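Visitor: Provided below are the primary sequence and the corresponding predicted coordinates.
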Amino acid sequence: MTMRLVGDIGGTNARFALCEPGGIMRDERKLPVRDYPGLIEAAQAYLAGRSADHAVFAVATPVLGDEVAFSNNPWRFTIPEARERLGLRQLTVINDFVAQAWSIHGLGAGDFRQLKPGTARPGRPRVVMGPGTGLGVAFLLWEEGKARVLASEAAHTSFAPHDDRQAGILARLRREFGHVSTERLLSGPGLLRMANALAEMEGREERFGTPPEVSQRAAGGCALCQEAVRMFSAILGGTAGDLVLTLVADGGVHVMGGLCRGLGPLLDLEALARGFTAKGRFASLMETVPIDQVTRPHTGLLGAALHPGG
């Protein structure tokens with residue numbers, strides 16, 4: 001049997017599985033990035049002597065040629081070396097949100113949660129996005145009845161504040177980073193930055209150590225952490241709206257990933273919808289566009305399995 005090795009490689013974890021092309025995955029396993037010197041070594045550890053004919057790796061970084069360097073972890077590799085050392089006939093490397101977009105084809109109705117109502121226009125572009133260690137964005141298109149996925153580095157566009165409170169946070173982050181991308185706020189680390197910036201703006205000495213601490217404290221009634229989550233929700237909506245306008249993606253928005261799933265009921269849907277629709281003369285268009293959340297985990301692996309390459 002011809003086996004495909006699939007991998008979803010993020011800033012924190014590398015997930016692997018084996019499957020028949022387009023088939024059911026098996027032997028899924030998560031390996032911490034920090035435990036391995038590189039992707040090749042992690043894949044070898046996962047295979048543990050087993051072989052695969054070809055592989056599709058979804059990576060959290062732009063894929064611009066044979067050399068791949070990650071944006072949010074220290075790993076780097078070349079595609080020819082990885083193919084040779086892993087004994088593969090063919091290796092396809094795609095952006096992780098290209099895989100997330102491909103996964104939409106393998107999901108059922110029960111894998112979605114409505115975040116904002118609307119009516120998706122059939123055959124129109126869709127936005128696929130997800131905050132995590134960083135922010136991933138892709139566009140799902142149809143051309144002559146066939147699906148196509150367009151990779152994007154929209155996460156690294158400049159963050160644009162929507163109110164004075166967000167502008168105050170932007171001013172503080174500029175002192176640290178110079179250029180402040182959307183990813184600096186719309187991510188797990190971004191949630192933490194917002195909470196600590198809000199504490200600074202309030203003149204409080206309290207600081208938070210991790211993104212889970214912020215969400216846990218928000219759930220426990222901490223007003224400052226609740227404001228950080230509310231601001232995160234508004235920025236998520238505002239960014240999704242900007243992306244919809246970029247391609248007139250009135251097919252809808254799919255929000256992916258574990259960060260928003262983990263926030264669960266803490267995600268402020270009213271703030272999200274306000275941020276999404278606050279687009280001036282295009283507010284009426286934005287009112288019609290739906291947003292849903294993909295609740296199924298590990299969709300990057302599913303997308304790598306469904307990707308036609310390899």
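Guide: Here it is on my side, so go on. Residues are numbered from 1 along each chain as shown.
Visitor: isn't Ala52 right up against Met3?
Guide: Yes - using Cβ atoms under 8 Å, Ala52 is in contact with Met3, at 4.6 Å. Every C-beta, even on glycine, is put in place using the N, C-alpha and C of the backbone.
Visitor: Mutual contacts of these two, please.
Guide: Jointly contacting Ala52 and Met3 under the rule Cβ atoms under 8 Å, 6 or more residues apart in numbering are Leu18.
Visitor: Please say which of these two ends up with more neighbours.
Guide: Ala52 (20 against 17; other Cβ atoms under 10 Å).
Visitor: any idea how far the nearest residue to that one once chain neighbours are set aside is from Leu88?
Guide: Once flanking residues are discounted, Ala52 sits nearest to Leu5: 3.8 Å by Cβ to Cβ, 6 or more residues apart in numbering. Separation of Leu5 from Leu88 (Cβ to Cβ, to the nearest Å) stands at 7 Å.
Visitor: quick one, strands of this structure?
Guide: 4-9, 13-19, 25-32, 54-59, 67-69, 76-78, 90-95, 112-116, 126-131, 135-143, 146-152, 253-255, 291-294 (DSSP state E).
Visitor: Mind giving me the packing neighbours of the last one?
Guide: To tie it back to what came earlier, the one meant is strand 291-294. strand 112-116, strand 253-255, helix 269-277 (3 or more Cβ pairs under 8 Å, 6 or more residues apart in numbering; DSSP states H and E).
Visitor: on contacts alone, who are the packing partners of the first one?
Guide: Packing partners of strand 112-116 (3+ Cβ pairs under 8 Å, 6+ apart): helix 269-277, strand 291-294.
Visitor: same deal with the second one?
Guide: In terms of contacts (3+ Cβ pairs under 8 Å, 6+ apart), strand 253-255 is packed against strand 126-131, helix 223-247, strand 291-294.
Visitor: Paired strands for it, with orientation please.
Guide: strand 126-131 (parallel), strand 291-294 (parallel) (DSSP bridges).
Visitor: Nearest the geometric middle of the chain, what residue?
Guide: Gly130 (3.0 Å; Cα atoms, centre = their mean).
Visitor: any idea which of the helices and strands packed on strand 253-255 is most buried?
Guide: Stretch with highest mean neighbour count among those: strand 126-131 (a mean of 28; mean count of other Cβ atoms under 10 Å).
Visitor: would you list the helices and strands packed on strand 253-255 in TSV and tack on mean pLDDT and distance to Gly118?
Guide: Converted to TSV, those look like this (pLDDT from 0 to 100; distance: least, Cβ to Cβ, whole Å):
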stretch	mean pLDDT	distance to Gly118
strand 126-131	97	12
helix 223-247	98	10
strand 291-294	98	7
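Visitor: Compare those and report which one is nearest to Asn95.
Guide: strand 126-131 (11.0 Å; Cβ to Cβ).
Visitor: where does Met1 land on pLDDT?
Guide: Listed pLDDT for Met1 reads 57.
Visitor: re the thing from before, quick one, which of the strands paired with strand 253-255 gets closest to Ile24.
Guide: strand 291-294 (18.9 Å).
Visitor: just so I know, which of the strands of the chain lies nearest Glu227?
Guide: Smallest distance to Glu227 across the strands of the chain (Cβ to Cβ): 17.5 Å, for strand 126-131.
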